[in-house]
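*Asks:* Sharing a model prediction with you, sequence too.
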Amino acid sequence: MTQSTQQTITLANRPKGMPSKEDFKFVESEVPSPKENQILIRTLYLSVDPYMRGRMQDTKSYIAPFELNKVITGGVVAEVVESKSSSFKQGDVVVGNIDWAEYTVVNEKQVRVIDPKVAPITTHLGILGMTGLTAYFGLLDIGKPQEGETVVVSGAAGAVGSVVGQIAKIKGAKVVGIAGSDEKIEYLTKELGFDGAVNYKKESFETDLKNAVPDGVDVYYDNVGGQVTDAVFKLLNMNARIPLCGAISSYNAEGKDFGPRLQSAMIKTSALMKGFTVGNYADRFQEGASDLGQWLQQGKLKYEETIVEGFENTPEAFLDLFKGKNLGKQLVKVADPEYAVL
């Protein structure tokens, strides 16, 4: 039986610098009832992602900021517990960008059904979802790696970076990852097949990076920005391509982010740097999902998930992103299904 009340998570404050648990507020509310063409869904897993930090600021961006004292939204996998839509039935597993809540009522077009038999349901928040598609389109549409070229990926052990490196290997490139621990370095080289990986937290980082790319850098997939990117730019080859996906190093900066100017390096190498979001490729999602699904089934792609148990631990899971605690996709398990058969 569906419970009568539930917990939701709202944005209590706009963080200055690193967010804290106090910036989130748990609010109890009644479980809503669906109306015509709506469904009531129960959250099974939710996704926490670095881009959400930007939405906590009241600034103009490619997506509207979260509103204070309103429920935060993000990627969610859920089960249908009650349906008043002909497109869904009780027990369907769905995915969509919806509320951080134990239960949510959504219109039938806000979510889509996924098949638990094809792949674990969590993959639709990671390697087969927005993070996998972000890796796919950023690398292949902007980076355009060619066989024998050198691809460098920052944030390489994260949900996006780990997929980027594997796709680059599928395309025949040499791949070097940048990550923040020896454990992650070992994971990239021994588990994912990267040709090399370097730890940016070591004093020898710049030397290690230069030694790892003796032929220079043809494609740099940037998830990090900051001093890591400054080091990579010194090693760019002629006509290098830089897909600019993220800049997590500066997301919690309280002042302006200063660093070396990039113009001279780009002029000297005729480099192309292009920022993007996965939403730019919305009309091609099926293409990307199809390729990612085939590579996953063929064993060409591997993935890791860091799963935190309990809805009450969602803020902590989000904060862990900025502490580098996650390997692969960071998720929160909220509940086991009542009706869905996994």
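*Replies:* The structure has been received and is ready for your questions.
*Asks:* where's the residue most central in space within the chain, which helix or strand?
*Replies:* Geometric centre of the chain, nearest residue: Thr131, 4.2 Å, by CA atoms, centre = their mean. Applying DSSP states H and E as the criterion places Thr131 in helix 130-137.
*Asks:* all strands for the stretch 101-250 of the chain, in order.
*Replies:* 103-107, 111-114, 150-154, 174-179, 196-199, 217-221, 236-244 (DSSP state E, counting those that start in this stretch).
*Asks:* which of those sits most buried?
*Replies:* strand 150-154 (a mean of 29; mean count of other CB atoms under 10 Å). Using the backbone N, CA and C atoms, a C-beta is placed for each residue, glycine as well.
*Asks:* Mind checking the pLDDT average for that one?
*Replies:* When pLDDT is averaged along strand 150-154, the result is 98.
*Asks:* quick one: strands adjacent to that strand?
*Replies:* strand 174-179 (parallel), strand 217-221 (parallel) (DSSP bridges).
*Asks:* so which of these comes closest to Asn326?
*Replies:* strand 174-179 (11.3 Å; CB to CB).
*Asks:* List the contacts of that closest one.
*Replies:* 148-157, 161, 165, 168-169, 185, 188-189, 193-200, 209, 212-213, 215, 224, 228, 232 (CB atoms under 8 Å, 6 or more residues apart in numbering).
*Asks:* quick revisit: using TSV, please lay out the strands of the stretch 101-250 of the chain together with distance to Phe311.
*Replies:* Conversion of the strands of the stretch 101-250 of the chain to TSV gives the following (distance: least, CB to CB, whole Å):
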stretch	distance to Phe311
strand 103-107	11
strand 111-114	19
strand 150-154	31
strand 174-179	29
strand 196-199	34
strand 217-221	33
strand 236-244	33
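*Asks:* Could you tell me the backbone phi and psi angles at the residue lying closest to Leu125 once chain neighbours are set aside?
*Replies:* Of all residues not flanking Leu125 in the chain, Ser47 sits nearest, at 4.3 Å (CB to CB, 6 or more residues apart in numbering). Backbone geometry at Ser47, expressed as degrees, to the nearest 10, gives phi -100, psi 140.
*Asks:* sorry, back to before: my guess is the residue nearest to the centre of the chain meets Ala159, correct?
*Replies:* Yes: when contacts are counted by CB atoms under 8 Å, Thr131 is listed as touching Ala159 (4.1 Å).
*Asks:* For the stretch 1-150 of the chain, which segments are assigned as helices?
*Replies:* Assigned by DSSP state H, counting those that start in this stretch, the helices in the stretch 1-150 of the chain fall at 51-55, 130-137.
*Asks:* For His124, find the nearest of those helices.
*Replies:* Set against His124 and scored by CB to CB, those come closest in helix 130-137, at 9.3 Å.
*Asks:* Give me the contacts around that closest one.
*Replies:* Contact with helix 130-137 is made by 47, 49, 75, 125-126, 159-161, 163-164, 167, 221, 245, 276-278, 280-281, 284-285, 288-289, 291-292, 329, as judged by CB under 8 Å, 6+ apart.
*Asks:* now do stretch 279-287
*Replies:* By CB under 8 Å, 6+ apart, the residues outside stretch 279-287 that reach it are Tyr62, Ile63, Leu133, Phe137, Asp141, Gly288.
*Asks:* give me that answer again for 6 Å
*Replies:* If you take CB atoms under 6 Å, 6 or more residues apart in numbering as the criterion, stretch 279-287 is touched by Phe137.
*Asks:* Tell me which residues touch Gly165, please.
*Replies:* Val153, Ala156, Val175, Gly177, Phe194.
*Asks:* out of those, who's nearest Lys333?
*Replies:* Distances from Lys333 to the contacts of Gly165, taken as CB to CB, are shortest for Ala156 (25.2 Å).
*Asks:* Find the residue closest to Val118 in space, skipping its chain neighbours.
*Replies:* Using CB to CB, 6+ apart, the closest residue to Val118 is Gly293 (7.3 Å).
*Asks:* mind checking how far the one you found is from Gly129?
*Replies:* Distance from Gly293 to Gly129, counting by CB to CB, to the nearest Å: 11 Å.
*Asks:* May I have stretch 41-58 as PDB, with CA atoms only?
*Replies:* Coordinates of each C-alpha in stretch 41-58 appear next as PDB, following Å, rounded to 0.1, in the frame of the first residue of the first chain:
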ATOM      1  CA  ILE A  41       5.500   7.000  -9.400                       C
ATOM      2  CA  ARG A  42       7.700   5.900  -6.600                       C
ATOM      3  CA  THR A  43      11.400   6.800  -6.700                       C
ATOM      4  CA  LEU A  44      13.800   3.800  -6.800                       C
ATOM      5  CA  TYR A  45      17.100   5.600  -7.700                       C
ATOM      6  CA  LEU A  46      18.000   9.200  -8.200                       C
ATOM      7  CA  SER A  47      21.000  10.800  -9.800                       C
ATOM      8  CA  VAL A  48      23.300  13.500  -8.400                       C
ATOM      9  CA  ASP A  49      25.400  15.400 -10.900                       C
ATOM     10  CA  PRO A  50      27.900  18.200 -10.900                       C
ATOM     11  CA  TYR A  51      25.800  20.500 -13.200                       C
ATOM     12  CA  MET A  52      23.300  20.800 -10.300                       C
ATOM     13  CA  ARG A  53      25.700  23.000  -8.500                       C
ATOM     14  CA  GLY A  54      25.300  25.700 -11.200                       C
ATOM     15  CA  ARG A  55      21.600  25.500 -10.900                       C
ATOM     16  CA  MET A  56      21.800  26.400  -7.200                       C
ATOM     17  CA  GLN A  57      23.100  29.900  -8.200                       C
ATOM     18  CA  ASP A  58      20.700  32.600  -9.400                       C
END
